[in-house]
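1. Output the structure for:
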Amino acid sequence: MIRRTERSPRAGDAPRPWQMLLLATVGFALCFWAWALLAPLGPRLRDDLDLSSFEQSLVVAVPVVVGALGRIPAGAMTDRWGARRVFPLVALLTTLPVLYLGHLANSLPKVLAGGFLLGLGGTAFAVGVPFVNAWYPPARRGVALGIFGIGTGGTALSAFTTVQLTDSVGRAFPFDLVAGCLAVYAVTAWFLLRDRPGRATATGSLRSRTAAAVHTPATWQLAFLYAVSFGGFVAFSVYLPTYLTRAYELGRSDAALRTAGFVVLAVAMRPLGGWLSDRAHPVPVLTGSYGLVAVCALLASFEAELVPVGTAAFLGMAAGLGAGSGAVFALVARLVPAERVGSVTGVVGAAGGLGGFFPPLVMGAVDGVAHDYTWGFVLLAVTALIAGALTSTVVRRRARIAANTS
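-> You can find the predicted model right below:
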């Protein structure tokens, strides 16, 4: 069952969609900034805590998997209670592990515990997508969700600033800065964020709504596609600094800045992927994106010189992963009923986060055993080809059926 909220604001007080989109995007970026704080510090933590390659990979991967799984209840809660309540709560609670990591975490178990709780920041995605989806008509949701996806640039903020601020100011300063920004946003969002009047609101228990999302036919296909596109983006965001320092012997700051360039391009391509999906259709955008990722992953597997071949391969993957991430959620808006967008987004977003959890562990394990990253990139290329094939066949047919029945 669904119900629609009856209360609407006075004409002069009605918020505009672009204002709500801006607020949601800023909150998403701040939460992702917090979520990605440990990744740029991976090499430093390895030295300070005497970690193995696998332990270092585990430290940066734990927030990813927790943030991924947390999206399932966060999306269902947003369907029921709205982002007006859930978004400020997520931002405020995320300040706690940020401060803990900045001031108290001085051993591997403590860093893992803080990273586990830091995963809460990653759930903001499942709060923002149904919120933005409700504010925009179907013909504009692709580009709107793509703009919201710019919030993934919070990982670029982390890559650009964390190591530099740690070196120049102190270990705790980046964490204090992020915690302060999150607290200010939580208060601001509480007063200014508004759910769209008359939005479809899901009823029933969290369990029943999650079960309904899981049994929605398109959910698992969308989940796999997002696991490849966004999961690949997350994996490179958290592991690329480690890879560059070990495979190419770059300095920490240099590796962090190059990672930030990867992230910025992927983030910039996300709204473009949404825009192209609105103008044409998500299926050809996704097929082309996965093809580009496969080609560039194979190129990267040869570990050629970083300039220009390696850089071109990584930037090509960034473009494909970013555009694909934007196109997947343009497809969600076409295939999923409005009252289930939050719950389905939770499952699909969880798959995306889990897609980012395993590659760093695989890369760390492969490097620890073989001292070679080739097979990690080959596996990415094969997975991207499978995703492209699924999109051009099964998903294409499902999209046609949805278009004919709408």
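
2. what comes up buried for the strand or helix carrying residue 164?
-> Taking DSSP states H and E as the definition, residue 164 sits inside helix 154-168. Within helix 154-168, the residues scored as buried using 16 or more other Cβ atoms under 10 Å are 154-166. Any C-beta I mention is one placed from the backbone N, CA and C, and that applies to glycine too.

3. residue boundaries of the strands in the chain?
-> Taking DSSP state E to define them, one finds strands in the chain at 2-4, 200-202.

4. Which of these comes out lowest on mean pLDDT?
-> Across the strands of the chain, strand 2-4 has the smallest mean pLDDT, namely a mean of 46.

5. List the residues that contact the closest residue to residue 55 other than its chain neighbours.
-> Counting by Cβ to Cβ, 6 or more residues apart in numbering, residue 108 is the residue found nearest to residue 55 once chain neighbours are left out, at 6.4 Å. Counting by Cβ atoms under 8 Å, 6 or more residues apart in numbering, residue 108 touches 49, 51, 55, 59.

6. Share the number of residues neighbouring the third one, please.
-> Read that as residue 55. 17 (other Cβ atoms under 10 Å).

7. With residue 379 as the reference, measure out to it.
-> Distance of residue 55 to residue 379, computed by Cβ to Cβ, to the nearest Å: 22 Å.

8. do the second one as well
-> Spatial separation of residue 51 from residue 379 under the definition Cβ to Cβ is 24 Å.

9. Check the first one too.
-> Using Cβ to Cβ, we find residue 49 at a distance of 29 Å from residue 379.

10. Residue 63 too?
-> 23 Å.

11. Leaving out sequence neighbours, find the closest residue to residue 97.
-> Per Cβ to Cβ, 6+ apart, closest to residue 97 is residue 117, 3.6 Å.

12. Look at that neighbour and say how many residues are nearby.
-> Neighbourhood size, residue 117 [other Cβ under 10 Å]: 18.

13. ok, so of the buried residues of helix 154-168, who is nearest residue 393?
-> Relative to residue 393, the closest of the buried residues of helix 154-168 is residue 155; by Cβ to Cβ it sits at 32.3 Å.

14. who touches the nearest residue to the closest one once chain neighbours are set aside in this structure?
-> With sequence-adjacent residues excluded and distances taken as Cβ to Cβ, 6+ apart, residue 155 is closest to residue 36, at 4.1 Å. If you count contacts by Cβ under 8 Å, 6+ apart, residue 36 has them with 63, 154-155, 158-159, 237-238.

15. Apply 7 Å and report the result again.
-> For residue 36, the contact set (Cβ atoms under 7 Å, 6 or more residues apart in numbering) comprises 154-155, 158, 237-238.

16. per-residue pLDDT, the closest residue in space to residue 214 that isn't next to it in sequence?
-> Leaving aside its chain neighbours, residue 214 sits nearest to residue 347 (6.2 Å; criterion: Cβ to Cβ, 6+ apart). Looking at residue 347, its pLDDT is 87.

17. and residue 347, how many neighbours?
-> 23.

18. The one 10 residues further on now?
-> Here the count is done by other Cβ under 10 Å, and residue 357 has 26 residues near it.

19. Also the one 5 residues further on?
-> When neighbours are counted by other Cβ under 10 Å, residue 362 registers 18.

20. Quick check: chain neighbours aside, which residue is closest to it?
-> Nearest residue to residue 362, sequence neighbours excluded (Cβ to Cβ, 6+ apart): residue 376, at 5.7 Å.

21. and that neighbour, what is it in contact with?
-> By Cβ under 7 Å, 6+ apart, the residues touching residue 376 are 359, 362-363, 366.

22. distance of it from residue 64?
-> On the measure of Cβ to Cβ, residue 376 and residue 64 end up 16 Å apart.

23. residue ranges for the helices of the stretch 251-400 of the chain, please.
-> For the stretch 251-400 of the chain, the helices defined by DSSP state H, counting those that start in this stretch cover 252-279, 282-301, 311-335, 341-370, 374-390, 396-405.

24. Remind me what the shortest one packs against, helices and strands.
-> Read it as helix 396-405. Packing partners of helix 396-405 (3 or more Cβ pairs under 7 Å, 6 or more residues apart in numbering; DSSP states H and E): helix 311-335.

25. angle of the helix it packs on against helix 374-390?
-> If you take axes from the mean of the first three to the mean of the last three Cα atoms, to 10 degrees, helix 311-335 sits at 30 degrees to helix 374-390.

26. Centre of the chain to helix 311-335, how far?
-> 12 Å (Cα atoms, centre = their mean, to the nearest Å).

27. How about stretch 384-397?
-> Stretch 384-397 sits 22 Å away from the centroid of its parent chain (Cα atoms, centre = their mean).

28. Leaving out the residues flanking it, which one is nearest to residue 122?
-> Spatial nearest neighbour of residue 122, chain neighbours left out: residue 67 (2.0 Å); criterion: Cβ to Cβ, 6+ apart.

29. Surely that neighbour is in contact with residue 119?
-> Yes. Shown here, residue 67 and residue 119 form a contact pair, counting by Cβ atoms under 7 Å, at 3.9 Å.

30. When these two are compared, which one has more neighbours?
-> residue 67 (32 against 22).

31. Give me the pLDDT for that one.
-> So residue 67 comes in at 86 (pLDDT).

32. Let me see the contact set for it.
-> So residue 67 contacts 35, 119, 121-123, 353 (Cβ under 7 Å, 6+ apart).

33. got it, and residue 233?
-> 266, 321-322, 325.

34. Give me the buried subset of the residues you listed.
-> With burial judged by 16+ other Cβ under 10 Å, the buried subset of these is 266, 321-322, 325.

35. how about the residues you listed, which pair is most distant?
-> Maximum distance among the buried ones among the contacts of residue 233 (Cβ to Cβ): 7.7 Å, for 266 and 325.

36. hang on, the earlier thing: with distance to residue 23 and pLDDT added, can I get the contacts of residue 233 in TSV?
-> Putting the contacts of residue 233 into TSV (distance: Cβ to Cβ, whole Å; pLDDT from 0 to 100) gives the following:
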residue	distance to residue 23	pLDDT
266	23	91
321	26	95
322	23	93
325	21	92
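
37. Report pLDDT for the nearest residue to residue 56 once chain neighbours are set aside.
-> Excluding the flanking residues, the one nearest residue 56 by Cβ to Cβ, 6+ apart is residue 46, at 4.5 Å. At residue 46, the model reports a pLDDT of 85.
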